[in-house]
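A.B. asks: dropping a prediction and its sequence here:
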Amino acid sequence: MIHHASLGVNDLDRARAFYDAVLPEVGLRFIKQSERIVGYGLTDVMFSLEKPCDGGKATAGNGTHIAFRAGTRKVVDSCHKKGIAAGGQCAGPPGVRAQYDDHYYAAFLTDPDGNKIEFVTFAAD
């Protein structure tokens, strides 16, 4: 069982502005922030953004992405739209990905640090 997932970022304020715009759409809320970490979750941190502890530069992992479960296609669409408005880049517009499942509806973004994220639902609405 996964306890939490973290992505490296270089500017916590910029990253927080992006994730504050999209994560409430999937039910995650801001939990806490320190000089190096911003945490989101339900009651405890499940997802965090972290500046490197050695003071180096964070880089996005090639092929790595985090998929957030969205309840409906409307939520996927909203996350994509809000993510772009908050500084993200489109890496795949909302739509059905029938190669995975007839109801696999997802959108892909890169955050301001280049991390790849996805919002996905299997809802057929």
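C.D. replies: Cool, the structure landed. Residues are numbered from 1 along each chain as shown.

A.B. asks: quick one: A67 and V120 touch, right?
C.D. replies: Yes: under the criterion of C-beta atoms under 8 Å, A67 makes contact with V120 at 5.3 Å. Using the backbone N, CA and C atoms, a C-beta is placed for each residue, glycine as well.

A.B. asks: so for those two, which residue has more residues nearby?
C.D. replies: Neighbours per residue (other C-beta atoms under 10 Å) separate A67 from V120, with V120 holding more: 21 against 12.

A.B. asks: host element of the residue lying farthest from the centre of the chain?
C.D. replies: Within the chain, D54 marks the point farthest from the mean C-alpha position, 23.9 Å out by C-alpha atoms, centre = their mean. Here D54, judged by DSSP states H and E, is contained in no helix and no strand.

A.B. asks: which helix runs longest in this protein?
C.D. replies: Longest helix in the chain, counting residues (DSSP state H): helix 73-85.

A.B. asks: same question for it, mean pLDDT?
C.D. replies: For helix 73-85, the mean per-residue pLDDT is 98.

A.B. asks: residues in contact with it?
C.D. replies: Identification of contacts with helix 73-85 by C-beta atoms under 8 Å, 6 or more residues apart in numbering yields 18, 21-22, 25-26, 68, 70, 90, 93-94, 105-107, 109, 111, 117, 119-121, 123, 125.

A.B. asks: now for the helix or strand containing D13, which elements pack on it?
C.D. replies: In the assignment (DSSP H and E), D13 maps to helix 12-22. Contact analysis of helix 12-22 by 3 or more C-beta pairs under 8 Å, 6 or more residues apart in numbering; DSSP states H and E lists strand 29-33, strand 37-41, strand 45-50, helix 73-85 as its packing neighbours.
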